[in-house]
Each structure stands twice: as C-alpha cells, then as structure tokens.
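Asker: quick one: sequence plus predicted model below, questions after.
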Amino acid sequence: MDNGTLALLVPILALLIPVLAIWTQHQRKIEEIRASALSETNAQAAARAQALEERVRTLEAIVTDKSYDVANQIEALRDPARGDGSAIDRRRN
C-alpha cells in the first residue's frame, strides 16, 4: 500500500467504527425486543396448556367416576321399550 491509500483508509476506518457500534447496539435492542415478545408468548402458551391440563383432569375424573355410567345410559336411551327414560331415572336414585 502506498501512503495515499493508507491516508485515505485511516479516516474511513475512523468513521466506520462508530457506525458499527451504533449498528451493533441497534441489533442488540432488536434481539431484546424479540426475546421479550417470545417470553410473553411462551407464558401465554404455558397458561393455556395448564388450563387445558386442568380441564382434562376434570374430564378424566368425571369419566372414571363409578357413578357415571355412560354406556348404560346410552343403552337405556336406545332401548325402545324404555323410551320414557325410566331406566335413567332408576339409576339416578
């Protein structure tokens, strides 16, 4: 490199360093905003998952309850001889 090229590169590099620093700070802020939005989305998803788990537990408790006899109630509704629902009423008592 000759002296003229070196004399030209020194001020250019001196100007590029602050530009690079500003760009780096900007990129860091963008990533912080993205991370914040992502953590908020994750928190909402976790809350929805927890609510669904609670609903599934409730449904499991209902279905596995001994007094909840779905198959017999359905069969009683299908039986034309007992179309008045008397079979279901007897089970409830």
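Answerer: Looks like it came in fine. A quick note: this is a predicted structure, and the numbers were derived from the prediction, not measured. Numbers count the residues shown, from 1 in each chain.

Asker: can you pull up the most central residue in the chain?
Answerer: Per Cα atoms, centre = their mean, the C-alpha nearest to the average position across the chain is that of residue 45, at 2.4 Å.

Asker: ok, then the element right after the helix or strand that it is a member of?
Answerer: Remark: residue 45 resides in helix 3-64, with elements defined by DSSP states H and E. On the C-terminal side of helix 3-64, the nearest following helix or strand under DSSP H and E is helix 70-78.

Asker: next, the angle from that following helix to helix 3-64.
Answerer: On the basis of axes from the mean of the first three to the mean of the last three Cα atoms, to 10 degrees, helix 70-78 is oriented at 60 degrees to helix 3-64.

Asker: before we move on, back to that, could you give the separation of the helix holding residue 45 from the chain centroid?
Answerer: Once both centres are worked out by Cα atoms, centre = their mean, to the nearest Å, helix 3-64 turns out to sit 17 Å from its chain's centre.

Asker: sweet, I'm off.
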